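Undergrad: take a look and give me a structure for this.
(chains A, B, C and D)
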Amino acid sequence: MNKIVNTATEATKGIQDGMTIMLGGFGLCGIPENCIAELVKMCVKDLTCISNNAGVDDFGLGLLLQKKQIRKMISSYVGENDEFERQMLSGELEVDLIPQGSLASRCQAGGAGVPAFYTPAGFGTEVAHGKEVRYFNGKPHILESALTADFAIVKAWKGDRYGNLVYKGTARNFNPLMAMAGKITIAEVEEIVEPGELDPNFVHTPGIFIQRIFQGDTFEKRIEQRTVRQKES
Amino acid sequence: MNKIVNTATEATKGIQDGMTIMLGGFGLCGIPENCIAELVKMCVKDLTCISNNAGVDDFGLGLLLQKKQIRKMISSYVGENDEFERQMLSGELEVDLIPQGSLASRCQAGGAGVPAFYTPAGFGTEVAHGKEVRYFNGKPHILESALTADFAIVKAWKGDRYGNLVYKGTARNFNPLMAMAGKITIAEVEEIVEPGELDPNFVHTPGIFIQRIFQGDTFEKRIEQRTVRQKES
Amino acid sequence: MLDKIGIAKRIAQELNDGWYVNLGIGIPTLVANYVPKGLNVEFQSENGILGMGAFPYEGEEDADYINAGKQTVTILPGGSIFDSATSFAMIRGQHIQMTVLGAMEVAENGDIANWKIPGKMVKGMGGAMDLVASADNIIVAMMHTNKRGKSKLLKRCSLPLTGVACVRRIVTNMAVLDIKDGAFVLVERAPGVSVEEIQNATEGKLVVEGEVPEMKL
Amino acid sequence: MLDKIGIAKRIAQELNDGWYVNLGIGIPTLVANYVPKGLNVEFQSENGILGMGAFPYEGEEDADYINAGKQTVTILPGGSIFDSATSFAMIRGQHIQMTVLGAMEVAENGDIANWKIPGKMVKGMGGAMDLVASADNIIVAMMHTNKRGKSKLLKRCSLPLTGVACVRRIVTNMAVLDIKDGAFVLVERAPGVSVEEIQNATEGKLVVEGEVPEMKL
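TA: From the prediction side, this is the model:
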């Protein structure tokens, strides 16, 4: 098996106007920056993007928002992006806000062939509008459906040509879940390693979920909130 | 946090007649042998055991079946245990056979606070009797409910006093899922290590799911089907 | 009257040994700084950390280690990292013993609103809806009144809800209150704050039973 | 007439480069030995392995590395290990391109029975129900008739079902047949086996279109 492609251009081949794209990451942590830059270059538009956040004004998915390439966002939290809020409040951008845990589980369900499941999150709120309510053990739950995507784009730390991936720290977040839910899943990694270098016991995403993998050119890995403490002298 | 107990006796304290117990393992691989031996010693009875298999006649859960300590088994495959088949066909033992993937997902759902989900597995078969059928994308699915247990007992390779676990090879199987689904979860491990020795990036079961952990006295790790090839000379 | 740190200190008294705790953004985050000595408590961040530690030393910050507030953090020995589905399995599956979060409004029946002001501000619910729908022990940390002096403890929430009848306890700059039988039950007064002042700042039904003690911080 | 190895060899011709394949216990397991040269195929075992390799050398067997048939196995470079839920996510989520399993009965509409003989034998369905309910490309490997010479390709299954209308292709010791529009469509004959012999050994509706080629092994 050799799923390695050489560039983000090759990796994103086939992404077209109007498609649904999942993108891993939490805030700016663990986002597929190289593919996002490529999507900007491609000028692909009318995208439905499924991503926990929408980046910031000038990084991450914010770059696609600036260029108005996104028709609809499916996210849980968009508080860091003023342009997003503006487009949403003005009605230019369609937005489906869903609870973070439901978002994670809906992607996982999509990848796992589970079409729907019940969750307590969102009962009695706007999120429940139009959704079936059912009681289990006396507690109300709503029916949530699986999410899938034409393309899922994830960012990992290391990967091999079989598509096996490991993530570093909290850059894991939604990546392993979305990796499962793409009809085609693209992985951009900081380092391609030889098969066998990743311990099979500690692979985070088995290669079966990945169709294309490439080593990103550069990773800015911008920090959103740099919080530090001083060393005591 | 210190969840270490010294013995299987201490670890299994509180397990009583009539309780529901989940036990990790696939065949004889990754089963909590020390706790099973303890359950035999305790003579606790009328148990409902949730476990993918039922061991063999003289090892694993077979030991509890011999002593008639199990009232009901919830499993997916029991083909390796003659005593099991005898008790089931004679009606002494109540048996709920469920598809292996549904079993895995039902345990995971139990641990994850998802009360029910839809799966295609078992539609049109005995497994679907009495269960809701619903079509998604034109395909029939049945509604399966979450499984939980009074105690879940899992077997891991290494663990620390926080309850963090790593498994070795295919001894992982149902263990991480059942670990999530016990009201009290007991982990028996081959080796207790110091906090920090397990790389946080590669912990299989975060300690939050574990209430008690101990280092097992002995692990026989019996092989069910020893298949080998000869070295070419 | 407490400041934000005072509120955090008071909430820290709610902690018990061996608990796993999820702290929301803002005042709740401060609670981690005031864990009573001798208590072992683990903090969960819903983006995928258990055993969250202090901020990194300057120069040691790593973009791959952040908390749910997107702040750079460290991880303690004995901690672990996991994906978002596993994280919310912990939350939805009630493996977390205490959840602290901020609110824009709380109603006397325990409803909470904290994610949206229609037409004005929409940040999204993040993990808050999962947290409040799942946990038994939801503590709200907030100011008793908003910037215009209006009560945030209401008969009914006016904003879109985050969760229904889920708040157990509220710690404000003025008081500790429990939700019980459709009312705010006054548990403690902030130092120097009278029952009458609390009454005046509370729009929802306030129940005062006997002598109400002053907080000890 | 083929033996078990012949059946396995014929099924191996169904493989395509880059496929992930789940092999059941028995004849299906043998398919792994006959992967055409030059094809990269990965075998999944539902107990949690991708990239399953050969049996270990004598003395190197490890109780912690088994396949779904409980046999000691090895794992290849580029393989991975995962829990049972992830394993069935691969299966249910249709990430596996081909599934080969045994059967006691197959019906002309594609129903399959392979897990239970009421009152006599109950081994359980294991992962078979998940596999047949999910995959598009289900291939059954079995003898055309049972030990008493009765056809296993029936109008209707007499035994409790494993799955409904799910089998795509059947490879027996006598023939290759596809399920199409409620019938067994004869695709190939085993070497030296006539259409008439296959017809006689098939209880369900058999469709024979034109000249039926002999298998090439």
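
Undergrad: any stretches of chain C with poor pLDDT?
TA: Segments of chain C classed as low confidence (criterion: pLDDT under 70) are not present in this model.

Undergrad: chain B contacts on that one?
TA: Chain C comes close to chain B at residues C:18, C:20, C:40, C:42, C:44, C:50-51, C:75, C:77-82, C:85-86, C:88-96, C:134, as judged by C-beta under 8 Å from any C-beta of the partner chain. C-beta coordinates here come from the backbone N, C-alpha and C atoms, glycine included.

Undergrad: in helices, which of those residues appear?
TA: Filtering these for membership in helices, criterion DSSP state H, returns C:85, C:86, C:88, C:89, C:90, C:91, C:92, C:134.

Undergrad: the fourth one contacts residue B:109, correct?
TA: No. Counting by C-beta atoms under 8 Å, residue B:109 is not a contact partner of residue C:89; they are 9.1 Å apart.

Undergrad: more neighbours: those two, which one.
TA: Neighbours per residue (other C-beta atoms under 10 Å in any protein chain shown) separate residue C:89 from residue B:109, with residue B:109 holding more: 30 against 26.

Undergrad: which stretches in chain C count as helices?
TA: Read by DSSP H, chain C holds these helices, from start to end of the chain: C:4-12, C:27-30, C:84-92, C:128-134, C:195-200.

Undergrad: want to throw the ones you listed into JSON lines with distance to chain A?
TA: Formatted as JSON lines, the helices of chain C follow (distance: least, C-beta to the nearest C-beta, whole Å):
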{"stretch": "helix C:4-12", "distance to chain A": "16"}
{"stretch": "helix C:27-30", "distance to chain A": "10"}
{"stretch": "helix C:84-92", "distance to chain A": "3"}
{"stretch": "helix C:128-134", "distance to chain A": "3"}
{"stretch": "helix C:195-200", "distance to chain A": "28"}
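
Undergrad: quick one: which of these is nearest residue D:29?
TA: Closest to residue D:29 of the helices of chain C, according to C-beta to C-beta: helix C:84-92, at 32.7 Å.

Undergrad: tell me what that closest one is packed against?
TA: Applying 3 or more C-beta pairs under 8 Å, 6 or more residues apart in numbering or on different chains; DSSP states H and E, one finds that helix C:84-92 contacts helix A:100-112, helix B:100-112, strand C:42-45, helix C:128-134.

Undergrad: show me what counts as buried in the third one.
TA: In this case it means strand C:42-45. For strand C:42-45, burial by neighbour count (16 or more other C-beta atoms under 10 Å in any protein chain shown) applies to C:42, C:43, C:44, C:45.

Undergrad: next one: stretch C:121-130
TA: Buried, per 16+ other C-beta under 10 Å, within stretch C:121-130: C:122, C:123, C:124, C:125, C:126, C:127, C:128, C:129, C:130.

Undergrad: do stretch C:94-113 as well
TA: Applying a neighbour-count criterion of 16+ other C-beta under 10 Å, the buried positions in stretch C:94-113 are C:95-113.

Undergrad: out of those residues, list just those in strands.
TA: In strands, judged by DSSP state E, the following of those are found: C:98, C:99, C:100, C:101, C:105, C:106, C:107, C:112, C:113.

Undergrad: I'd say the fourth one and residue C:29 touch.
TA: No. Residue C:101 lies out of contact with residue C:29 (C-beta under 8 Å); the separation is 10.3 Å.
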